[in-house]
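In: coords please:
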Amino acid sequence: STFQSLLRIARVDSGLLRSEFSELDLGRLVRDAAELMEPLTEERGLRLLVSAPEGSACNGHRDLLFQTVLNLIDNAIKYSPHGGTVELSLTRDGEDWRLCVRDEGPGIPAAERERVFERLYRLEGARDTPGLGLGLSLVQSVVALHRGSIALEDAAPGLAVTLRLPAGGAGTH
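Out: Purely as a prediction, here's the structure:
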C-alpha cells in the first residue's frame, strides 16, 4: 500500500498526467466526494456542511482531484471531535476556485505545517491514527500538477486547508 501510494505520487509529480485533463464541474466533484464520505461522517457523530455551486468549470484530472478532496475530508473527519462539524466550501476568487476544508480538531502547529507535506511524515500526536503520512503529500502534488496552491491555516479551533485551482483550467496559467 505504501509503495503504491509512493508510485502514484511519483506519477503525479512527473507531470505526464496533465495530458489526461478534461473539462469538469468542480462543484459537482466536491458534492460527490462529500456524499461518498457522509456515512463515515455520521458514524463519527459529525456534521458535514457543503457549499459548492453548480457549473464550477475547471480543467483538470477528475480522478486525482476527487482523491484529493476525499483525502482532505478524510483528514478532517479523522481529527474532528465527536459532535463537531466539517465544512467544505467552494467559491470563485478572481481567476481561481478556492476550496476550503475546515475541521474543529486539534489543528497543526504553525512550526509543523510545511513538514506535513513531506512523504511519510506524521505529527507526534497522530501516530496512533490510521494512515501512512502520504495523504497531504499526494494533495500537494495534485495541486501542483494543476498549477494551484495549498495553504494550511489555524481555524481556531481546528485546521482550514485551502486549495486554489485555476478556474480557466491548468492550461491557461
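
In: for this protein, what spans make up the strands?
Out: Secondary structure of the chain (DSSP state E): strands located at 22-25, 47-51, 57-60, 85-93, 96-102, 149-154, 159-166.

In: tell me which residues of the third one are tucked away?
Out: Neighbour-count burial for strand 57-60, with 16 or more other CB atoms under 10 Å as criterion, is recorded at 58-60. All C-beta atoms are positioned from the backbone trio N, CA, C, and that covers glycine.

In: And for the second one?
Out: The neighbour-count criterion (16+ other CB under 10 Å) identifies 48, 50 as the buried residues of strand 47-51.

In: which helices and strands sit right next to it?
Out: Counting contacts by 3 or more CB pairs under 8 Å, 6 or more residues apart in numbering; DSSP states H and E, strand 47-51 packs against helix 26-43, strand 85-93.

In: Tabulate the ones you listed in a markdown table, adding columns for distance to Leu136 and mean pLDDT.
Out: Supplementary listing: the helices and strands packed on strand 47-51 in a markdown table, determined by distance: least, CB to CB, whole Å; pLDDT from 0 to 100:
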| stretch | distance to Leu136 | mean pLDDT |
| --- | --- | --- |
| helix 26-43 | 16 | 96 |
| strand 85-93 | 16 | 97 |
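
In: Figure out which of the ones you listed is closest to Tyr79.
Out: In this view, the helices and strands packed on strand 47-51 are compared for proximity to Tyr79 by CB to CB, and strand 85-93 is the closest at 9.6 Å.

In: separation between Glu23 and Gly55?
Out: Summarising the geometry, the distance separating Glu23 from Gly55, computed by CB to CB, to the nearest Å, is 11 Å.

In: before we move on, the earlier item: would you reformat the strands of the chain as TSV and include distance to Ala111?
Out: Output for those, formatted as TSV (distance: least, CB to CB, whole Å):
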stretch	distance to Ala111
strand 22-25	36
strand 47-51	30
strand 57-60	32
strand 85-93	25
strand 96-102	21
strand 149-154	12
strand 159-166	14
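
In: can you put the helices and strands packed on strand 47-51 in a markdown table and add mean neighbour count and distance to Ser141?
Out: Below are these laid out as a markdown table (neighbours: other CB atoms under 10 Å; distance: least, CB to CB, whole Å):
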| stretch | mean neighbour count | distance to Ser141 |
| --- | --- | --- |
| helix 26-43 | 17 | 18 |
| strand 85-93 | 17 | 21 |
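
In: To Ala155, which of those lies closest?
Out: Nearest to Ala155 among the helices and strands packed on strand 47-51 is strand 85-93 (9.0 Å), distances taken as CB to CB.

In: Pass me the low-pLDDT residue ranges in the chain, would you?
Out: 1-6, 117-135, 169-173 (pLDDT under 70).
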